[in-house]
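Chemist: Give me a model of this one.
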Amino acid sequence: MMASFLSRLQTAWRATSRADRAAIAVAVLYGIDEALRNTGRGLPFSGFIGFFFLLACGYGAIRLFGYVRRRLLWSLRNRLIVAYVFIAVVPILLLVIMAGLSAFIVYSQLGAYLLNRDVQVRLATLESLADAVMTASPSGGRDYPSAAGAASDPVSKLLAARAEDFPGLKVHWGPVAEVLPLGAETKDAKRRFTGLFQQDDKVWLRSVIARGGPAGNTIVSLSVPLGTELLERLAPQLGPIQFLVLQPLPAGASEDQKGFKLRIADQVFRRVAQVSTAQRNLPPPAGWWDYEVTGVSRLESRALEQEGTQQISVPIFAYFSARPSQMSRHLFSSLGDLSSLPFVVLLVIGGLFLIIEGGALFVGVRMTQSITGSVADLYRATQHVQEGDFSYRIRGERTDQLGELGNSFNAMTISVASAMEEQRRRERLENELAIAHEVQAQLFPRERPRLPGLELAAECRAARTVSGDYYDFIPLSKTELGLIVADIAGKGISAALLMANVQAALRSDVLRYRTGQAGIHLDQIDTAEIVTHLNLHLFRNTSDERYATVFFGVYDAETRQLHYTNAGHLPPLYISGGNVRRLETGGMVVGLFNDVPFQQGAVEIEHGGMLVAYSDGLIEPENVYGEEFGTVRLIDVATRNKDASSHVIAEAMMHAAEEWSGSPDQADDMTVIVMRFSGASGEKRA
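Modeler: Sure thing, here's the model as predicted:
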């Protein structure tokens, strides 16, 4: 492992340039200097070493950028991705972000406007109510709420009627100093005040009117606490609302104290209270675009200094969340002096986006030119090849994947001629296989024999162009039929040739027993003897490793008996009622040994019975877990479709096996024969 590491290190060192080695030397020297300085010593001219180390770092960053760029952009796929990102994705993304920011700013300021406007409307209404109270009681009146018996007072009735809009409404008559100092600093000739008034940690909506002499003999003050009940009624278009009550930091207090603090201009404020809605919830969105918008609005309140003689302005911040679908289209009116700030921010962001878009367009155009130039070279080369000119070469001037593609194209043209010749040979072979397939198709029975009380169906699907499976029906008389199912060892051409040999040998031997030939009655047909003849024929005329499994039977529709011999083949299934019988009597496979005994079995066929003969390709398909389709599932398919025709049953078995494997490719030839026995054809012979 150490030798391999040293070898890679030497290879990497040889690949470096002189400038690379100089930068590495400076970095090593700087590391030695830092290590010595930690021990209290250092190299001479350490300042120059540090300066050159910074230069080496800059050089290394440039080299690293070039290396990463080459590795990233060498692939054509990466080049196309980068090009389309700069050309299409980046502008769209920027536009979407800008639109989202714009919408957020618009709707957040709209919410602030709605909240601010609602507060101002309520203050105006409160002032109108104060005028009405003063007009109704020009010489003064009692406070509200007052003692019992005041409900009949017209002023109390007026105030009670507006109590719903102003929860906690209070009316106070008294000296100016008790409600609001409207002394020398109040220059309004009408001597009135309407607005937010802060006292300690409480905020009120207050309207004060003073009439009379210089001292204000008649003064009325209407106050509504800015609490949860009032917030629940403010700006119904908005969701939850929260007011942050501030107070100027006392003189001499340290700004390092814990807690929330806010500096506005030259003054520092601290949080003294927080009022929030309790029952408001954000409504569900009206659509995907109806996202949650949060915003803040600033309100100004009046308060007294600590000495209580001079009014000061204290800001109150309101935070809210809302849905755009529930807000109107009034924009930006609640920010006051800050109303131009969103436009300035949008202009700055728009300028940055334009700069980025210009750079993206430049990079995208350059990379597109590079890609399309290489594609044009490849197109011209393909035109020469199409005309039969295999001597044309693409100039390999590029060092990226497009250049390698041109080199690969040049190498490809050298071998095209031999590939075309190979293709012609392959086409000749495929034509020969097609002919072999047509010839083999002629070996299978083209028509199904008709016997009384018997319904036949058979199907063979080859795994390749030609099949090694074989089935046949040989009519022997009007009531007797020979049945053959065989599976040749192997696949392809060799199995197909041996299949033709088996077909010829069996037919020539079985047809001797037709009525009137050789003086032999059908009752004397011995299936074991015919299979023995076939075994000798294959043993003498094929190689040692060639063999076949064969099931041969003779069915007599008059006696309703089936005589058979099974030579190593999968036992056919005789299904009658709920019983299943496997026809296994016979012997071993044919073609391997010379002297092999075979036996003949017999089955009495009942009304409604069914015989299913098949090859191993029908039960050996495996699913994704390696489980074979198996005989049990084959029997289940036959039982479930027992009332259908033989053709439908055969198709159902094939479909079930293919569906079990889940693959369009067959591993082996698939063959199935279905014989359904229905009505009687006569009495059984003794």
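
Chemist: what's downstream of the helix-or-strand element of the chain with minimal mean pLDDT, the next helix or strand?
Modeler: Between all helices and strands in the chain, the lowest mean by mean pLDDT, DSSP states H and E belongs to helix 176-179, at a mean of 48. For helix 176-179, the following helix or strand on the C-terminal side (DSSP states H and E) is strand 192-199.

Chemist: List the residues that contact Ala644.
Modeler: Neighbouring residues of Ala644 by Cβ atoms under 8 Å, 6 or more residues apart in numbering: Ala652. For glycine as for every other residue, the C-beta is placed from the backbone atoms N, C-alpha and C.

Chemist: which helices and strands does the helix or strand containing Tyr471 pack with?
Modeler: Assigned by DSSP H and E, Tyr471 belongs to strand 469-475. With contacts taken as 3 or more Cβ pairs under 8 Å, 6 or more residues apart in numbering; DSSP states H and E, strand 469-475 sits against strand 454-461, strand 480-488, helix 492-510, strand 670-677.

Chemist: For my notes, please list these in TSV and give distance to His607, mean neighbour count and mean pLDDT for each entry.
Modeler: As requested, the helices and strands packed on strand 469-475 are exported to TSV (distance: least, Cβ to Cβ, whole Å; neighbours: other Cβ atoms under 10 Å; pLDDT from 0 to 100):
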stretch	distance to His607	mean neighbour count	mean pLDDT
strand 454-461	12	19	88
strand 480-488	18	25	90
helix 492-510	27	19	81
strand 670-677	7	25	91
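
Chemist: now the ones you listed in TSV, with distance to Leu55?
Modeler: Putting the helices and strands packed on strand 469-475 into TSV (distance: least, Cβ to Cβ, whole Å) gives the following:
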stretch	distance to Leu55
strand 454-461	76
strand 480-488	81
helix 492-510	72
strand 670-677	76
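
Chemist: Of all these, which one is nearest Gly591?
Modeler: Within the helices and strands packed on strand 469-475, the stretch nearest Gly591 is helix 492-510; the backing value is 8.4 Å (Cβ to Cβ).

Chemist: Can you name the element that comes right after that closest one?
Modeler: Assigned by DSSP H and E, the successor of helix 492-510 is helix 527-541.

Chemist: Kindly format the C-alpha coordinates of that next one as CSV.
Modeler: C-alpha atoms of helix 527-541 as CSV (Å, rounded to 0.1, in the frame of the first residue of the first chain):
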residue,chain,number,x,y,z
THR,A,527,-47.2,-47.7,-26.7
ALA,A,528,-44.2,-49.1,-24.8
GLU,A,529,-43.1,-50.9,-28.0
ILE,A,530,-43.3,-47.7,-30.1
VAL,A,531,-41.3,-45.8,-27.5
THR,A,532,-38.7,-48.7,-27.5
HIS,A,533,-38.4,-48.4,-31.3
LEU,A,534,-37.9,-44.6,-30.9
ASN,A,535,-35.2,-45.1,-28.2
LEU,A,536,-33.2,-47.5,-30.5
HIS,A,537,-33.5,-45.1,-33.4
LEU,A,538,-32.2,-42.1,-31.5
PHE,A,539,-29.4,-44.2,-29.8
ARG,A,540,-28.1,-45.4,-33.1
ASN,A,541,-28.4,-42.1,-35.1
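
Chemist: Which strands and helices lie in contact with the very next helix or strand once past that helix?
Modeler: For helix 527-541, the following helix or strand on the C-terminal side (DSSP H and E) is strand 548-556. Packed against strand 548-556, as judged by 3+ Cβ pairs under 8 Å, 6+ apart, are the following elements: strand 480-488, helix 492-510, helix 527-541, strand 561-567.

Chemist: Compute the inter-axis angle for strand 548-556 and helix 492-510.
Modeler: With axes from the mean of the first three to the mean of the last three Cα atoms, to 10 degrees applied, the angle from strand 548-556 to helix 492-510 works out at 30 degrees.

Chemist: distance between strand 548-556 and the chain's centre?
Modeler: Offset of strand 548-556 from its chain centre (Cα atoms, centre = their mean, to the nearest Å): 56 Å.

Chemist: Tell me which residues of it come out buried.
Modeler: The neighbour-count check on strand 548-556 (16 or more other Cβ atoms under 10 Å) flags 548-556 as buried.

Chemist: Out of the helices and strands packed on strand 548-556, flag the one nearest Val648.
Modeler: The nearest among the helices and strands packed on strand 548-556, by Cβ to Cβ, is strand 480-488 at 19.9 Å.

Chemist: any idea which element Val133 lies in?
Modeler: helix 90-136.

Chemist: relative orientation of the helix or strand just after that helix and helix 90-136 in degrees?
Modeler: Tracing the chain past helix 90-136, the next element assigned as helix or strand by DSSP H and E is helix 154-161. Angle of helix 154-161 versus helix 90-136, following the same axes, to 10 degrees, is 160 degrees.

Chemist: Any idea how many residues pack against Leu95?
Modeler: For Leu95, the count of nearby residues is 12 (other Cβ atoms under 10 Å).

Chemist: contacting residues for it?
Modeler: Contacts of Leu95 by Cβ under 8 Å, 6+ apart: none found.

Chemist: What distance do you get for it to Gly577?
Modeler: 76 Å (Cβ to Cβ, to the nearest Å).

Chemist: Give me the mean pLDDT for stretch 91-99.
Modeler: Mean pLDDT, stretch 91-99: 81.

Chemist: list the buried ones in that stretch?
Modeler: 91, 94.

Chemist: try stretch 592-603
Modeler: Those would be 592, 596, 598, 600-601, 603, for stretch 592-603 by 16+ other Cβ under 10 Å.

Chemist: Equivalent analysis for stretch 570-587, please.
Modeler: 570-576, 580, 583, 585-587.

Chemist: can you list those residues in a markdown table and add distance to Val133, pLDDT and secondary structure?
Modeler: Formatted as a markdown table, the buried residues of stretch 570-587 follow (distance: Cβ to Cβ, whole Å; pLDDT from 0 to 100; DSSP: H, G, I helix; E, B strand; the rest coil):
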| residue | distance to Val133 | pLDDT | secondary structure |
| --- | --- | --- | --- |
| Leu570 | 109 | 92 | coil |
| Pro571 | 111 | 94 | coil |
| Pro572 | 111 | 94 | coil |
| Leu573 | 106 | 93 | strand |
| Tyr574 | 110 | 94 | strand |
| Ile575 | 105 | 92 | strand |
| Ser576 | 108 | 89 | strand |
| Val580 | 105 | 91 | strand |
| Leu583 | 114 | 94 | coil |
| Thr585 | 120 | 93 | coil |
| Gly586 | 120 | 92 | strand |
| Gly587 | 123 | 92 | strand |
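
Chemist: care to break this structure down by domain?
Modeler: 18-73, 132-334, 444-677 (automatic domain parsing).

Chemist: which one of those lies closest to Phe390?
Modeler: Here domain 18-73 is closest among the domains of the chain (Cβ to Cβ), at 31.6 Å.

Chemist: Highest mean neighbour count out of the domains of the chain?
Modeler: Of the domains of the chain, the one with the most neighbours on average (mean count of other Cβ atoms under 10 Å) is domain 444-677, at a mean of 18.

Chemist: okay, how far is it across it, tip to tip?
Modeler: 22 Å (Cα to Cα, to the nearest Å).

Chemist: shift numbering so it begins at 47
Modeler: That works, and once the first residue is 47, the last one we named lands at domain 490-723.

Chemist: now for the helix or strand hosting Arg470, which elements pack on it?
Modeler: Assessed by DSSP H and E, Arg470 sits inside helix 447-489. Packing contacts for helix 447-489, counted by 3+ Cβ pairs under 8 Å, 6+ apart, involve helix 122-130, helix 387-432, helix 538-556.

Chemist: could you dump those helices to JSON lines with distance to Ala178?
Modeler: What follows is the helices and strands packed on helix 447-489, written out as JSON lines (distance: least, Cβ to Cβ, whole Å):
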{"stretch": "helix 122-130", "distance to Ala178": "70"}
{"stretch": "helix 387-432", "distance to Ala178": "40"}
{"stretch": "helix 538-556", "distance to Ala178": "109"}
